[in-house]
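Enquirer: My questions are about this predicted structure, shown below with the sequence.
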Amino acid sequence: MALPNVNPTTTPSWKKLQSHFEAVKDVHMKDLFANDADRADKMTIKWDDFYVDFSKNRITEETLGYLLELADDVKLKEAIQSQFSGEIINKTEGRAVLHAALRAPESATFNVEGQNVMPEVYKAKQKIEGFANEVINGERKGYTGKVFTDVVNIGIGGSDLGPAMVVDSLQYYKNHLTTHFVSNVDGDHVNEVIKKLDPETTLFVVVSKTFTTQETLSNANTIKSWFLKSANETAIAKHFVAVSTNLESVKNFGIDENNIFPMWDWVGGRFSLWSAVGLTISLAVGYNNFASLLDGANKMDNHFKNEDFKNNIPVVLALISIWYNNFFKAESEAVIPYSQYLNQFATYLQQGIMESNGKSIDRNGNPVNYETGTLIWGEPGTNSQHAFFQLIHQGTKLIPADFIGFTKSLHGNQDHQDKLISNFLAQTEALLNGKTEAEVVAEGTKEDIVPFKVFKGNKPTNTIFINKLSPESLGKLIAMYEHKIFVQGIIWNIYSYDQFGVELGKQLASKILQEFNNSAVNEHDSSTHNLLNYYRKMS
Ligand SMILES: O=P(O)(O)OC[C@H]1O[C@H](O)[C@H](O)[C@@H](O)[C@@H]1O
């Protein structure tokens with residue numbers, strides 16, 4: 001069974017949403033709150049340690065009703081079923097999409113082309129666990145018999161962003177190993193990292209699903225050459241491991257067969273941190289914490305799969321986002337975590353969201369005639385309040401925002417935590433209510449300054465309040481966004497699991513690279529031609 005194939009704009013619910021939008025587009029949320037004392041209660045989902053309040057949105061119960069109808073009209077339920085049952089829903093690449101299998105219990109069954117993948121998944125997990133334990137407890141040593149002190153993850157895109165974000169987010173749970181991430185082909189990146197390393201005590205994890213990625217192979221080769229200045233070839237087996245689906249190329253690179261951790265083509269790169277791509281996570285925080293991260297994601301998977309859509313966190317968040325994207329024509333969404341630990345969270349989500357749903361061809365192969373894919377951006381509060389919040393509050397653009405906060409702080413400094421959370425709550429309140437002209441005048445503001453101090457408010461936010469940042473709650477949070485991506489891709493009738501858009505630039509870069517060393521320059525537009533020659537002259 002293929003994914004359902006419905007142009008959302010042709011559905012009855014879309015038409016209802018369109019006329020409903022005309023009726024409610026100028027309604028102020030302040031009035032919605034004033035007219036319904038139970039609004040916040042009605043528009044909050046409490047699930048496990050998550051408290052998700054979506055009442056500060058420009059929606060009514062009627063809006064939600066139509067959005068839920070839309071989910072039915074595009075056959076979301078069937079689509080979820082197709083995904084979890086291992087169907088080839090990534091049709092353009094001919095693959096199943098089963099990152100959920102990576103965090104399911106061993107007793108679960110996930111079939112890919114009739115074969116249950118769980119035995120392989122658990123075999124890989126055992127290998128990760130054994131290896132991580134040995135490195136952490138010092139049983140596994142470097143070529144001069146010293147224990148490992150540093151781990152370098154060499155990868156890019158999905159082979160970097162997930163592990164990097166999780167390791168940074170869970171630094172409270174970290175052990176003695178120092179972790180580094182090398183991703184950019186910019187040689188200054190790898191050299192700045194190398195500068196800090198001792199080859200005798202450093203473990204290198206080369207992560208590349210395809211093992212063809214230019215950046216990763218260049219960085220891995222540079223590191224290998226640097227390493228071989230101090231060690232001989234046989235030492236490579238002790239210091240280099242790889243995570244990949246491409247066993248041949250890994251072996252050709254010189255990595256010992258026993259040091260290869262598997263990956264599968266039914267796991268997309270940007271959804272792969274749950275696999276051996278998360279090896280660096282296991283090394284940094286220990287396997288048990290990695291397993292808790294996976295458990296959290298599995299709980300969210302079950303919530304997503306089983307909960308009624310109206311109480312289903314990823315579904316509701318996805319529908320609200322569609323409402324802004326397709327009816328209000330909001331172009332972007334902000335994700336503002338009130339936790340410094342989640343510093344890299346928005347950057348991580350950018351790949352997941354924009355690489356998945358940045359598509360303009362529908363599942364029939366035709367151009368879409370509606371907006372898809374949201375731009376995603378954000379930084380932790382409170383820092384961002386002192387940076388870009390001005391535009392969210394008083395600019396001309398509508399920017400729906402997710403506010404993510406934790407009721408407990410990890411280090412337990414209540415004074416800081418209270419200040420942090422007072423800002424977390426105050427911002428969504430300010431964005432909702434704004435400040436009227438009368439209020440500004442009543443503050444004694446000089447008449448000619450009054451207009452500048454008025455806030456229209458009516459700026460939408462979701463508040464995602466979680467008890468505590470733990471491996472498990474982080475797993476739930478990441479999986480929540482993964483499912484939101486899926487739901488939106490289904491509604492937009494696009495394929496969310498390919499990424500052909502990144503190919504063209506790669507191809508042209510390899511062509512240009514050859515021209516740097518070659519006197520014959522191919523035909524280019526005049527701008528590219530001039531720039532290329534300028535570089536050849538100046539470099
Ligand atoms: O893991 P790799 O095969 O090295 O791929 C790394 C990354 O590069 C590609 O260009 C894709 O756009 C990403 O989705 C992928 O995560």
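Expert: That came through, no problem. Numbering: from 1, shown residues only.
Enquirer: I figured residue 362 hits residue 489, correct?
Expert: No - if you go by C-beta atoms under 8 Å, residue 362 and residue 489 don't touch, sitting 10.7 Å apart. All C-beta atoms are positioned from the backbone trio N, CA, C, and that covers glycine.
Enquirer: So between these two, which is more surrounded?
Expert: Legend: neighbour count by other C-beta atoms under 10 Å for residue 362 and residue 489, higher for residue 489 (23 against 20).
Enquirer: Name the helix or strand for that one, please.
Expert: Per DSSP states H and E, residue 489 falls inside helix 471-492.
Enquirer: what packs against that helix?
Expert: helix 61-73, helix 76-84, helix 161-169, helix 287-306, helix 313-322, helix 356-357, strand 461-466 (3 or more C-beta pairs under 8 Å, 6 or more residues apart in numbering; DSSP states H and E).
Enquirer: helix or strand right after that helix?
Expert: helix 503-516.
Enquirer: do that next one and the ligand meet at all?
Expert: No - judged by C-beta under 6 Å from any ligand atom, helix 503-516 stays clear of the ligand, getting no closer than 6.8 Å.
Enquirer: what does the stretch 351-500 of the chain have sitting close to the ligand?
Expert: So far as C-beta under 6 Å from any ligand atom goes, the stretch 351-500 of the chain lies against the ligand at 355, 499.
Enquirer: For the stretch 351-500 of the chain, which segments count as strands?
Expert: For the stretch 351-500 of the chain, the strands defined by DSSP state E, counting those that start in this stretch cover 375-377, 401-406, 461-466.
Enquirer: and the ones you listed, which is most packed in?
Expert: strand 401-406 (a mean of 24; mean count of other C-beta atoms under 10 Å).
Enquirer: now the angle from it to strand 461-466?
Expert: 20 degrees (axes from the mean of the first three to the mean of the last three C-alpha atoms, to 10 degrees).
Enquirer: Strand 401-406 - which strands sit beside it in the sheet, and in what orientation?
Expert: strand 332-337 (parallel), strand 461-466 (parallel) (DSSP bridges).
Enquirer: send the alpha carbons of it over as PDB?
Expert: Extracted in PDB, the C-alpha atoms of strand 401-406 (Å, rounded to 0.1, in the frame of the first residue of the first chain):
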ATOM      1  CA  ALA A 401       7.100  30.200  18.300                       C
ATOM      2  CA  ASP A 402       7.500  27.100  20.400                       C
ATOM      3  CA  PHE A 403       8.700  27.900  23.900                       C
ATOM      4  CA  ILE A 404      10.300  24.900  25.600                       C
ATOM      5  CA  GLY A 405      11.000  24.900  29.300                       C
ATOM      6  CA  PHE A 406      11.800  22.700  32.200                       C
END
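Enquirer: distance of residue 374 from the ligand?
Expert: 18 Å (C-beta to the nearest ligand atom, to the nearest Å).
Enquirer: Make sure that residue is actually in contact with residue 328.
Expert: No - under the criterion of C-beta under 8 Å, residue 374 is not in contact with residue 328, lying 11.7 Å apart.
Enquirer: Between the two, point out the one with more neighbours.
Expert: Each of residue 374 and residue 328 has its neighbours counted (other C-beta under 10 Å); residue 374 has more, 21 against 14.
Enquirer: For the closest residue to the more buried one other than its chain neighbours, give its distance to the ligand.
Expert: Residue nearest to residue 374 in three dimensions, not counting chain neighbours: residue 333, with 5.0 Å by C-beta to C-beta, 6 or more residues apart in numbering. Residue 333 sits 21 Å away from the ligand, taking C-beta to the nearest ligand atom as the criterion.
Enquirer: How about residue 172?
Expert: The gap separating residue 172 from the ligand is 27 Å, by C-beta to the nearest ligand atom.
Enquirer: hang on, the earlier thing: my read: the residue nearest to residue 374 touches residue 320, true?
Expert: No - when contacts are counted by C-beta under 8 Å, residue 333 is not listed as touching residue 320 (9.9 Å).
Enquirer: So for these two, which residues contact both of them?
Expert: Listed as contacting both residue 333 and residue 320 by C-beta atoms under 8 Å, 6 or more residues apart in numbering are residue 400.
Enquirer: could you redo the helices and strands packed on helix 471-492 as JSON lines and give each row mean pLDDT?
Expert: Shown next, in JSON lines, are the helices and strands packed on helix 471-492 (pLDDT from 0 to 100):
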{"stretch": "helix 61-73", "mean pLDDT": "98"}
{"stretch": "helix 76-84", "mean pLDDT": "97"}
{"stretch": "helix 161-169", "mean pLDDT": "98"}
{"stretch": "helix 287-306", "mean pLDDT": "98"}
{"stretch": "helix 313-322", "mean pLDDT": "99"}
{"stretch": "helix 356-357", "mean pLDDT": "98"}
{"stretch": "strand 461-466", "mean pLDDT": "98"}
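Enquirer: These: which one's closest to residue 515?
Expert: Checking these against residue 515 by C-beta to C-beta gives helix 161-169 as the closest, at 30.7 Å.
Enquirer: ok, the closest residue to the ligand within the stretch 1-150 of the chain - how many residues close by?
Expert: Distances between the stretch 1-150 of the chain and the ligand by C-beta to the nearest ligand atom are smallest at residue 93, namely 11.2 Å. Using other C-beta under 10 Å, the number of residues around residue 93 comes to 14.
Enquirer: Spatially nearest residue to it (excluding sequence neighbours)?
Expert: residue 498 (5.1 Å).
Enquirer: Which pLDDT value goes with that neighbour?
Expert: Residue 498 is assigned 97 on the pLDDT scale.
Enquirer: so what's it up against?
Expert: 90, 92-93.
Enquirer: rewinding a little: could you look up the SS state of the residue of the stretch 1-150 of the chain closest to the ligand?
Expert: coil (DSSP: H, G, I helix; E, B strand; the rest coil).
Enquirer: List the backbone torsions phi and psi for it.
Expert: Main-chain torsions, residue 93, degrees, to the nearest 10: phi -110, psi 0.
Enquirer: Report pLDDT for it.
Expert: pLDDT at residue 93 comes out at 97.
Enquirer: need the contact list for it.
Expert: 265, 497-498.
Enquirer: which among those residues gets closest to residue 403?
Expert: residue 497 (28.7 Å).
Enquirer: Number of residues surrounding the closest one?
Expert: Residues near residue 497, counting by other C-beta under 10 Å: 25.
Enquirer: residues near residue 367, how many?
Expert: 7.
Enquirer: can you check residue 467 too?
Expert: 13.
Enquirer: Setting the sequence-adjacent residues aside, check what's closest to it.
Expert: That would be residue 49: by C-beta to C-beta, 6+ apart, it lies 4.1 Å from residue 467.
Enquirer: That neighbour contacts residue 473, correct?
Expert: Yes - under the criterion of C-beta under 8 Å, residue 49 makes contact with residue 473 at 5.9 Å.
Enquirer: Look at those two and report which has more neighbours.
Expert: Applying other C-beta under 10 Å to residue 49 and residue 473 shows that residue 473 carries more neighbours, namely 21 against 17.
Enquirer: need the contact list for that one.
Expert: 49-50, 296, 406, 466-467.
Enquirer: Pull the most distant pair out of the residues you listed.
Expert: 296 and 406 (13.8 Å).
Enquirer: I'd like to know which residues of the stretch 151-300 of the chain are adjacent to the ligand.
Expert: Counting by C-beta under 6 Å from any ligand atom, the stretch 151-300 of the chain sits next to the ligand at 156-159, 208-210, 213, 216, 269-270.
Enquirer: show me what contacts the residue of the stretch 201-350 of the chain found nearest the ligand?
Expert: Nearest residue of the stretch 201-350 of the chain to the ligand: residue 269, at 2.8 Å (C-beta to the nearest ligand atom). The contact partners of residue 269, by C-beta under 8 Å, 6+ apart, come to 157-159, 209, 277.
Enquirer: before we move on, what about residue 513?
Expert: Applying C-beta under 8 Å, 6+ apart, no residues contact residue 513.
Enquirer: before we move on, what about residue 450?
Expert: 437, 440-441.
Enquirer: who wins for most neighbours among these?
Expert: Neighbour-wise, these (other C-beta under 10 Å) top out at residue 440, 17 neighbours.
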